[in-house]
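Asks: Here is a sequence with its predicted model. Questions after.
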There are 4 protein chains.
Amino acid sequence: MTDWPDLAGRLVGDSHRLAVRVYYEDTDFSGVVYHANYLRYLERGRSDFLRLCGVHHNELADGSHGAAIAFAVRAMNLEFKAPARIDDVLEVETRLVRATAARLTLSQVVLKREQPLVRAEVEAVVISPDGRPRRLPKPVLALLLERVSRDEGPAG
Amino acid sequence: MTDWPDLAGRLVGDSHRLAVRVYYEDTDFSGVVYHANYLRYLERGRSDFLRLCGVHHNELADGSHGAAIAFAVRAMNLEFKAPARIDDVLEVETRLVRATAARLTLSQVVLKREQPLVRAEVEAVVISPDGRPRRLPKPVLALLLERVSRDEGPAG
Amino acid sequence: MTDWPDLAGRLVGDSHRLAVRVYYEDTDFSGVVYHANYLRYLERGRSDFLRLCGVHHNELADGSHGAAIAFAVRAMNLEFKAPARIDDVLEVETRLVRATAARLTLSQVVLKREQPLVRAEVEAVVISPDGRPRRLPKPVLALLLERVSRDEGPAG
Amino acid sequence: MTDWPDLAGRLVGDSHRLAVRVYYEDTDFSGVVYHANYLRYLERGRSDFLRLCGVHHNELADGSHGAAIAFAVRAMNLEFKAPARIDDVLEVETRLVRATAARLTLSQVVLKREQPLVRAEVEAVVISPDGRPRRLPKPVLALLLERVSRDEGPAG
């Protein structure tokens, strides 16, 4: 297999950047990206931010860290400011605003040439496979606490 | 073609109800409905609410009411309270909270046996095909104003 | 909860019909339904055909019939003949062509006013949660064998 | 904006490779990638293959090459051989088997560590915005003819 160095994006200072291409699948008949599809981009950004912090969904799910756990989105505030179109290259910027064993708060922006298209404030909680509240194992939480952003929010 | 009477849901008092089935496509590996897919359910609810009010995306887009216009989501506040699973029958309840020629505010809930799973406050604006702000034609706005809810918000 | 009589479509003779509405989510910037989204419609048709035969994904998955099993698509031949557009009402027609304990062959058409838009021949196999070949329990297979179509293929 | 060198994959000999990560959005409750989502991966591969050949959807659509045209999938044969799971890194290999002004035939494989998971034979045609058959402009066809594969099919 070829090596794909930037596939999970990059940690830059206390934020994470992931490049996302707009394909046919992302657009709708009005000519722009369908609003719900930005949530897919945002989730890719969060997953790859966690990945570069050393936290992997498959390891959490298969119980590599103790009992099986997963993240679930509990709340989102979304602002759609400008549209993206087919073939655009976007970037998802992710910052971890707060982290406890039970809950992460993240601030995210989808950018096109540094112009913000979508802003999101996201609350994710830790749950068991049957949906009950759980807590992150201490070593996992420690990895995340190192990455909590000192900024108020994303640029732009 | 067979007749499918409830395909666009039902207007009940000043709210709209649409039934939605959970299929494979809606779930993720954690066993429940993927959070972004509730936005697809919510958009189906809004589209069918508008349809039963006599407002159709295809007519707005092809200029049946004057210049071509479409709705775009400008902001959403989302609360995910409980998960849905494969084969579940859900209902999307939609209420129109405020309507002006430029902007609609809607309150929506995804319910499972009357228990709220997801709540959403949605702001949609009227735009031209190139994304500029536009205003609804008066007859279209009139259809919507008849349907503005007197309630504070959705049940539950 | 309201009653939604046609939500799972209807068994008509030895075929099944499901109504599907085209929403924003289904279209792409070229103005028509994105080709991969017809596979979602087809899967809804197969799921609801099975449902009306008395076979439920959640019961297969939770082991109500013995060991946990699921269906997986093994092969598909697809022909895209004409496009569908926003607000269209389509119907998915599903026929079971062959059924064994290990494998189902289905013939499906997506229709718009009885005109075929997409044709699909589908092979689905029975697997365990870790992906190994499994066999349907006899009572489940019996339910399906009653529904094998005597026709060569779908109408149109 | 940061530079993302491999975002559109790589042309290697007469084939194209694109890396694709499996995210939450791609999986279903059975634990593996939902079959229809491989079609999204395949379309990303075709789009980025065309992009690296110098052919861009946005330029075709906005009439940079004459009348507005787009590609539409006319037929697909799909074989699903093995599943992919959350966090997997996959590669989409694309080869152009035949090219005429009206029609492209492509052979594609989704690979995991060089093991084929999904194989697809794809026929795409050139259409106008209202769905009528069209022909590629000569300079665009010339770009593609340089890339027709001499191999019988993809490796594996």
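Replies: Yep, it's here. Please read all numbers here as calculations on a predicted model, not as lab measurements.

Asks: ok, and for the worst-scoring helix or strand of chain A on mean pLDDT, which residues are buried?
Replies: Using mean pLDDT, DSSP states H and E, the weakest-scoring helix or strand in chain A turns out to be helix A:57-61, at a mean of 89. Under the neighbour-count criterion of 16 or more other CB atoms under 10 Å in any protein chain shown, helix A:57-61 has A:His57, A:Leu60, A:Ala61 buried. C-betas here are computed from N, CA, C, even on glycine.

Asks: Send me the helix or strand just after it as PDB with only the CA atoms.
Replies: Downstream of helix A:57-61, the first helix or strand assigned by DSSP states H and E is strand A:70-80. Only the C-alpha atoms of strand A:70-80 are listed here, as PDB (Å, rounded to 0.1, in the frame of the first residue of the first chain):
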ATOM      1  CA  ALA A  70     -18.100   5.200  22.000                       C
ATOM      2  CA  PHE A  71     -18.700   8.900  21.500                       C
ATOM      3  CA  ALA A  72     -22.200  10.200  20.800                       C
ATOM      4  CA  VAL A  73     -23.100  13.800  19.800                       C
ATOM      5  CA  ARG A  74     -25.400  15.300  22.500                       C
ATOM      6  CA  ALA A  75     -25.800  18.800  21.100                       C
ATOM      7  CA  MET A  76     -24.800  21.000  18.200                       C
ATOM      8  CA  ASN A  77     -25.200  24.700  17.400                       C
ATOM      9  CA  LEU A  78     -24.700  25.300  13.700                       C
ATOM     10  CA  GLU A  79     -24.300  28.400  11.600                       C
ATOM     11  CA  PHE A  80     -24.300  28.200   7.800                       C
END
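
Asks: Next, see if strand A:70-80 gets close to chain B.
Replies: Yes: judged by CB under 8 Å from any CB of the partner chain, strand A:70-80 comes into contact with chain B through A:Ala70, A:Ala72, A:Val73, A:Arg74, A:Ala75, A:Met76, A:Asn77, A:Leu78, A:Glu79, A:Phe80.

Asks: got the contact list for the residue lying closest to the fifth one once chain neighbours are set aside?
Replies: Think A:Ala75. Once flanking residues are discounted, A:Ala75 sits nearest to A:Glu123: 4.4 Å by CB to CB, 6 or more residues apart in numbering or on different chains. Contact analysis of A:Glu123 by CB atoms under 8 Å, 6 or more residues apart in numbering or on different chains lists A:Val73, A:Arg74, A:Ala75, A:Met76, A:Arg103, A:Leu104, A:Thr105.

Asks: before we move on, what about A:Phe80?
Replies: Each residue near A:Phe80 by CB under 8 Å, 6+ apart is listed here: A:His35, A:Tyr38, A:Leu117, A:Val118, B:Ala72, B:Val73, B:Arg74, B:Ala75, B:Met76.

Asks: which two in the residues you listed are spaced the farthest apart?
Replies: Greatest spatial distance among the contacts of A:Phe80 (CB to CB): A:Leu117 and B:Met76, at 14.5 Å.

Asks: about what we covered before: nearest to chain C, of the residues of strand A:70-80 next to chain B?
Replies: Among these, A:Phe80 lies closest to chain C (CB to the nearest CB), at 13.7 Å.

Asks: Is it correct that A:Leu90 falls within a helix?
Replies: No: counting by DSSP: H, G, I helix; E, B strand; the rest coil, A:Leu90 is not part of a helix but strand.

Asks: thought it was touching A:Arg17?
Replies: No: in this structure, A:Leu90 is not within contact of A:Arg17 by CB atoms under 8 Å, at 10.5 Å.

Asks: list the buried ones in the biggest strand by length in chain A?
Replies: Secondary structure of chain A per DSSP state E: the longest strand is strand A:115-127. Of the residues in strand A:115-127, those buried by neighbour count under the rule 16+ other CB under 10 Å are A:Pro116, A:Leu117, A:Val118, A:Arg119, A:Ala120, A:Glu121, A:Val122, A:Glu123, A:Ala124, A:Val125, A:Val126, A:Ile127.

Asks: Secondary structure of A:Asp3: a strand, I assume?
Replies: No: note on A:Asp3: no strand contains this position according to three-state DSSP, which reports coil.

Asks: ok, it - how many residues close by?
Replies: 7 (other CB atoms under 10 Å in any protein chain shown).

Asks: Find the helix or strand that A:Leu111 is a member of.
Replies: Going by DSSP H and E, A:Leu111 is part of strand A:103-112.

Asks: what lines up beside that strand in the sheet?
Replies: In the sheet, strand A:103-112 lines up against strand A:89-99 (antiparallel), strand A:115-127 (antiparallel) (DSSP bridges).

Asks: could I get these as JSON lines with mean pLDDT?
Replies: Formatted as JSON lines, the strands paired with strand A:103-112 follow (pLDDT from 0 to 100):
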{"stretch": "strand A:89-99", "mean pLDDT": "98"}
{"stretch": "strand A:115-127", "mean pLDDT": "97"}
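
Asks: Make JSON lines out of those and add distance to C:Leu143.
Replies: Formatted as JSON lines, those follow (distance: least, CB to CB, whole Å):
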{"stretch": "strand A:89-99", "distance to C:Leu143": "47"}
{"stretch": "strand A:115-127", "distance to C:Leu143": "35"}
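
Asks: so which of those strands gets nearest B:Ala142?
Replies: Minimum separation from B:Ala142 across those (CB to CB) falls at strand A:115-127, 32.4 Å.
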